[in-house]
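Participant: Show me the folded form of this:
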Amino acid sequence: MPFHMHFGDDDLLRCRFAVSPLWETQEAVRTLARPDRQGYHPHWLRRIREAARELDLTPLWLLMPRRGHSPDWLGPPPIGPAATFDEEIAAVRAADPEQARDDMARSLADTPGALDSTRGRALLADPARTVRELADLMEAAWHTLVEPDWPRLRALLEADVAFHSRRLAQVGLGALLPELNPRLAWDGRTLTIAWLGEHVRNLDGQGLVLMPSVFSWPDVVSGFDPPWQPTLVYPARGIGALWSEPADRTSDTLVRLLGRGRATVLTALNEPTSTTALAHRLGLAPSSVSAHLTLLRDAGLLTARRYGHQVLYERTPLGIALTSTGN
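Facilitator: Now for the predicted structure:
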């Protein structure tokens, strides 16, 4: 059954991309309980297996039905294009307890047996305490499950945003939306999402947040209710290569021309990437990578643009030609 999102004139002008560490944390927790989501993440699962056993994630899992409503207050739409986890979890802690209780009751009702379980009743009995405890649990999950790999995850998510931003400029919103996922269809005013259940949402001038996700794969997620801004979460590009280590494809010619460090950095920039993410990927000091990036940019081999708190570097046509010739 389809989910329909109706756009007005103002909505077409208010669509934006965002990346959310809080959302990835929530979906990492969900992935631990969903074997069908784990196919792309064996490296991550091995890394976090022992530490995850120290977390009692049952209260969160009770609020994550396979089909149905998940609490919007616990995983709200991102508050900015590149908000930090600390900024996002602060918004979770500020949730109104009574609204949170109603939100949780809907989720528990969609999880078989959860509403009448001892843990489920405890979640609803003291919503103010539950807000504090679930925020604490989400923060612990962030530090354990996601934060150690966040530079790698953020690099992939930001690369997805950069790619689709270019596609938006090339083909426009109407052509871009169906490209995000095969389950999406666009008829000029309405975005239809297959498999989410029969529902209609008028955007009412709020526009739409488009958010790539690593751990949401293979699902497309939407359905945030007012007053939350409408949001569409889709699987990010490149998940298949997320956990693979980059091969050393730096040619001897490029090394002789630029030096080993700069040649390695230029070759590794297959997609827009920040200094921190590139340093993490290459196992180099951020200060060294920053120096190489500055010299490559000054030489006309890279461009730099700001996205939220990050500066993303990308090869220019000259840089692309140089790495192609060198290889």
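Participant: what about dumping the CA coordinates of the helix or strand harbouring T253 to CSV?
Facilitator: Assigned by DSSP states H and E, T253 belongs to helix 252-258. Only the C-alpha atoms of helix 252-258 are listed here, as CSV (Å, rounded to 0.1, in the frame of the first residue of the first chain):
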residue,chain,number,x,y,z
ASP,A,252,54.8,5.5,-9.3
THR,A,253,54.5,8.3,-11.9
LEU,A,254,52.1,10.2,-9.6
VAL,A,255,54.4,9.7,-6.6
ARG,A,256,57.4,11.0,-8.5
LEU,A,257,55.4,14.0,-9.6
LEU,A,258,53.7,14.9,-6.4
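Participant: Report the buried residues of it.
Facilitator: Residues of helix 252-258 classed as buried by neighbour count (16 or more other Cβ atoms under 10 Å): 254-255, 258. Every residue, glycine included, has its C-beta placed from N, CA and C.
Participant: D136: which of those residues is nearest?
Facilitator: Distance to D136, by Cβ to Cβ, is smallest for L258 among the buried residues of helix 252-258, at 48.2 Å.
Participant: residues in contact with the residue nearest to the closest one when sequence neighbours are not counted?
Facilitator: Among residues not flanking L258 along the chain, L266 sits closest, at 6.7 Å (Cβ to Cβ, 6 or more residues apart in numbering). By Cβ atoms under 8 Å, 6 or more residues apart in numbering, L266 lies in contact with 254, 258, 296, 301-302, 315, 319, 322-323.
Participant: how about a cut-off of 10 Å?
Facilitator: 250, 254, 257-258, 292-293, 296, 299, 301-302, 313, 315, 319-320, 322-323, 326 (Cβ atoms under 10 Å, 6 or more residues apart in numbering).
Participant: I'd assumed M211 was in a helix, is it?
Facilitator: No - using DSSP: H, G, I helix; E, B strand; the rest coil, the assignment for M211 is strand, not a helix.
Participant: What is the burial count for it?
Facilitator: Neighbour count for M211, taken as other Cβ atoms under 10 Å: 26.
Participant: didn't it look like it was pressed against A83?
Facilitator: No - M211 is not in contact with A83 according to Cβ atoms under 10 Å; the separation is 11.4 Å.
Participant: Need the residues touching each of these two.
Facilitator: Counting by Cβ under 10 Å, 6+ apart, the residues touching both M211 and A83 are 18-20.
Participant: Secondary structure class of R30, three-state.
Facilitator: R30 - assigned by three-state DSSP - is helix.
Participant: With adjacent residues omitted, what lies nearest to the residue nearest the centre of the chain?
Facilitator: The centroid of the chain falls nearest to S213 when counting by Cα atoms, centre = their mean (3.4 Å). Closest residue in space to S213, ignoring its immediate chain neighbours: V233 at 5.0 Å, by Cβ to Cβ, 6+ apart.
Participant: What about that neighbour? Give its phi and psi, please.
Facilitator: Note on V233: backbone dihedrals following degrees, to the nearest 10 are phi -110, psi 130.
Participant: wouldn't it be in contact with E27 here?
Facilitator: Yes - in this structure V233 lies within contact range of E27 using Cβ under 10 Å: 8.3 Å.
Participant: intersection of neighbour lists for those two?
Facilitator: 20, 75, 213, 216, 219, 221.
Participant: Apart from its chain neighbours, what residue comes closest to the last one?
Facilitator: Spelled out, that is V221. V221's closest residue in space is V233 (Cβ to Cβ, 6+ apart), at 4.0 Å.
Participant: Enumerate the beta-bridge partners assigned to that neighbour.
Facilitator: M211, V221 (DSSP bridges).
Participant: Contacts only, for L12.
Facilitator: Going by Cβ under 10 Å, 6+ apart, L12 touches 172-174, 189, 203, 207-208.
Participant: most surrounded residue in these?
Facilitator: The residue in the contacts of L12 with the most neighbours, by other Cβ under 10 Å, is L208 (23 neighbours).
Participant: Would you check how far apart that one and E24 are?
Facilitator: Noted for L208: a distance of 20 Å to E24, by Cβ to Cβ, to the nearest Å.
Participant: Of the contacts of L266, which belong to helices?
Facilitator: Cross-referencing these against helices under DSSP state H gives 254, 257-258, 292-293, 296, 319-320, 322-323, 326.
Participant: Need the buried residues of helix 252-258 in JSON lines (columns: distance to H309 and pLDDT).
Facilitator: As requested, the buried residues of helix 252-258 are exported to JSON lines (distance: Cβ to Cβ, whole Å; pLDDT from 0 to 100):
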{"residue": "L254", "distance to H309": "31", "pLDDT": "84"}
{"residue": "V255", "distance to H309": "33", "pLDDT": "85"}
{"residue": "L258", "distance to H309": "29", "pLDDT": "89"}
